[in-house]
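Novice: sequence-free structure coming up:
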C-alpha cells in the first residue's frame, strides 16, 4: 500500500463525497462548499499521480544536487498545473458566492427549492 | 425515486474510481518530458526551483492565460454584485446604519498580524526561484492580509482606483518583459533578457524574480478587489 | 529516546485533532461547535509541532514561531466568527440560559 496510492484514493473519496453533497443538500451555501470540495479532491489526485518512488521535491539545494536530480526528483509538471488551479478555484468560488448573494436578494431564502423558474 | 437518481451515478462513479485506485502503480522513474525539464531548468535557466522555471519560462504563455482568467473573474464579480454598498437599495453614505465596529481583540490582533503577513508574502514572492514559492502563492497571501484589514476596520473604504491602476501597470509590464524576450533572447517570455547570474543567488535566473514580483502584485490586487465587492 | 517522545507527542496531537472533528459533528449548537473546533485543534497543532521539534532539534526556533502564529490567529478568528453569529441572532441551545453578550449589549443600549 504505497504512500501515493493512499493519497490517490483519498483524493478520489473526496471527489465522491463532494458530488454526494452537491446532489443532496438544499441550502445553496452547502452546495457551494461541496463543489469546492470536488475541486480540492481533484487537485490532490493530480499531485498524487506525479509521485516517483522514494522521490523528493524538485528543488535543487543542499539536499538534491544538480546531477542527482533526474534520478530522485518528483515529477514537477503536475505541481505546476495545480499551483494555478488552486487560485482559479478560489476565483470560481467567489463568483458562485456572488450569485448566491444575488439569489438571496431576489427571494429572501437560501433553499434552491424556491427557484423553480428554470424547471419545466 | 429521487434517492435512486442520486445514488446511481455515485455508485457507478465509485466503481470507476475503485478500478482506478486498485490498478494504480507508483511510477518508478520520471517520464521523459519531466526528466528533460528537471535537467534543462537548472542548466539553461539558472533557476534552482524547477516548478517556477516551468511556470515562468517554459509554460509562461499558460501563466499569462491564467492571469487573463483571473481578470475576467474579477470583472464578472463586479458585474454581478455592483460597487460595495449599492445592494441594499439605499444610496451609500446617507441614511444607512453604520456597520458594526470590530471588537478590541480583532483590532489589536490585526496590528500585530498584518506586518507579519506582509513580510511573509514578500518573502514567498522573492524566494520563488530559489526555494518553494512564487507569484501566485504570494499574491494570495497579500489578499488574505487585506481581508484581515477589512474585517478589523469595517468602515474603511479601499482606494479602488489605485488598485486597478497598479494591477493594469503590472500586467502591462509583464507583457512588455515578454516582448523584450522576442528581440533580445530566444522567444516570447524567455527569461534570458536579464543576466543569469550565479546559481542560487538572490538576483539570479534572469527575469524570473521580476516576473514573480509583477505576478504577485497583479494577483494580490485582483483578489483584494474581489474581496472588496462582497462588503455590505 | 528523543524520537520516542516525539512520536508520542505527535500521536497525542492527532488524538486531539480527531476529538475536534468528533466534537464538531456531535455538538448541538453553532457556538459549542465553534468552541470544540478551535480549542482542540489549536492544542493539537501545538502538540504536533512540539513533537516534530523533538525529531529535528535544529528546527526548534522556526517551529516555536509557527506555534506563536497559530496561537495568535486561531482564537482571534473564532472570536470574530462567534460575535458575528450572535449578531445575526443564530439560536442558542435552550439548556444554556446565560447569555452574557446579549445582556451586555442591552445594557449598553439601555444606558446610551
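Specialist: Received the coordinates, thanks. The structure displayed is predicted, hence computed values, not measured ones.
Novice: which part of chain B gets nearest to chain C, residue-wise?
Specialist: Residue nearest to chain C within chain B (C-beta to the nearest C-beta): residue B:109, separated by 4.3 Å. Yep, even glycine has a C-beta here, placed from its N, CA and C like the rest.
Novice: need the contact partners of the helix or strand containing that residue.
Specialist: Assigning secondary structure by DSSP states H and E places residue B:109 in helix B:104-126. Helix B:104-126 has contacts (C-beta atoms under 8 Å, 6 or more residues apart in numbering or on different chains) with B:133-135, B:137-139, B:141-142, B:144-145, B:148-149, B:151-153, B:202, B:209, B:212-213, B:216, B:220, C:69, C:72-73, C:76, C:79-80.
Novice: that older thread, measure how buried the residue of chain B closest to chain C is and give me the count.
Specialist: 20 (other C-beta atoms under 10 Å in any protein chain shown).
Novice: pLDDT wise, what is it at?
Specialist: With respect to pLDDT, residue B:109 has a value of 91.
Novice: kindly report the residues of chain B close to chain C.
Specialist: B:100, B:102, B:103, B:105, B:106, B:109, B:112, B:113, B:116, B:151 (C-beta under 8 Å from any C-beta of the partner chain).
Novice: count the neighbours of the last one for me.
Specialist: Neighbourhood size, residue B:151 [other C-beta under 10 Å]: 17.
Novice: residue contacts, residue B:189?
Specialist: Residue B:189 neighbours (C-beta under 8 Å, 6+ apart): B:56, B:57, B:60, B:61, B:64, B:177, B:178, B:181, B:211.
Novice: next one: phi and psi at the closest residue in space to the last one that isn't next to it in sequence?
Specialist: For residue B:211, the nearest residue in space outside its immediate sequence neighbours is residue B:56; the separation is 5.0 Å by C-beta to C-beta, 6 or more residues apart in numbering or on different chains. Main-chain dihedrals, residue B:56, degrees, to the nearest 10: phi -110, psi 0.
Novice: for residue B:56, give me its contacts.
Specialist: Taking C-beta under 8 Å, 6+ apart, one finds B:63, B:128, B:134, B:135, B:189, B:191, B:208, B:211, B:212, B:215 in contact with residue B:56.
Novice: looking at chain A, which helix or strand is least sure?
Specialist: helix A:69-72 (a mean of 79; mean pLDDT, DSSP states H and E).
Novice: now do the helices in chain C.
Specialist: Under the criterion DSSP state H, chain C contains helices at C:2-26, C:30-55, C:60-87, C:100-111.
Novice: in this structure residue A:74 contacts residue A:57, no?
Specialist: Yes. Counting by C-beta atoms under 8 Å, residue A:74 touches residue A:57, with 6.3 Å between them.
Novice: quick one, which of those two is more surrounded?
Specialist: residue A:74 (23 against 18).
Novice: check the more buried one and give its pLDDT.
Specialist: 86.
Novice: not counting sequence-adjacent ones, nearest residue to it?
Specialist: residue A:55 (4.1 Å).
Novice: the one you found and residue B:143, how far apart?
Specialist: 32 Å (C-beta to C-beta, to the nearest Å).
Novice: verify the stated contact: residue C:30 with residue C:85.
Specialist: Yes. Counting by C-beta under 8 Å, residue C:30 touches residue C:85, with 5.6 Å between them.
Novice: tell me where the model's unsure across the chain.
Specialist: Since you didn't name a chain, this refers to chain A. For chain A, no stretch has pLDDT under 70.
Novice: chain C is the one I meant
Specialist: Along chain C, segments meeting pLDDT under 70 span C:96, C:112.
Novice: which residues of it lie near chain B?
Specialist: C:69, C:72, C:73, C:76, C:79, C:80, C:83, C:87.
Novice: so who does the residue most central in space within chain A touch?
Specialist: For chain A, the residue sitting closest to the mean C-alpha position, by C-alpha atoms, centre = their mean, is residue A:40 at 1.9 Å. Residue A:40 makes contacts with A:14, A:18, A:89, as judged by C-beta under 8 Å, 6+ apart.
Novice: let's verify residue B:186: helix, strand, or coil?
Specialist: Assigned with DSSP: H, G, I helix; E, B strand; the rest coil, residue B:186 falls in the coil class.
Novice: which of the residues of chain B next to chain C are buried?
Specialist: B:102, B:106, B:109, B:113, B:151 (16 or more other C-beta atoms under 10 Å in any protein chain shown).
Novice: what's the closest non-adjacent residue to residue A:59?
Specialist: residue B:49 (5.2 Å).
Novice: all helices of chain A, in order?
Specialist: A:3-24, A:28-49, A:69-72, A:76-107.
Novice: farthest pair within the residues of chain B next to chain C?
Specialist: B:100 and B:116 (26.0 Å; C-beta to C-beta).
Novice: what about the residue nearest to residue B:192 when sequence neighbours are not counted, distance to residue B:63?
Specialist: Closest residue to residue B:192 apart from its sequence neighbours, by C-beta to C-beta, 6+ apart: residue B:185 at 4.0 Å. Going from residue B:185 to residue B:63 by C-beta to C-beta gives 17 Å.
Novice: comparing the two, which shows the higher neighbour count?
Specialist: residue B:63 (23 against 16).
Novice: hang on, the more buried one packs against residue B:55?
Specialist: Yes. Counting by C-beta under 8 Å, residue B:55 is a contact partner of residue B:63 at 5.6 Å.
Novice: thinking again about what came up before, distance of the residue of chain B closest to chain C relative to chain A?
Specialist: From residue B:109 across to chain A, the span is 24 Å (C-beta to the nearest C-beta, to the nearest Å).
Novice: what of residue C:65?
Specialist: In terms of C-beta to the nearest C-beta, residue C:65 sits 21 Å off from chain A.
Novice: what residues are up against that residue?
Specialist: Residue C:65 neighbours (C-beta under 8 Å, 6+ apart): none.
Novice: same thing with the one 10 residues further on?
Specialist: Under the criterion of C-beta under 8 Å, 6+ apart, the contact partners of residue C:75 comprise C:38, C:42.
Novice: circling back to that earlier point, what touches both of residue B:63 and residue B:55?
Specialist: Joint contacts of residue B:63 and residue B:55 (C-beta under 8 Å, 6+ apart) are residue A:84.
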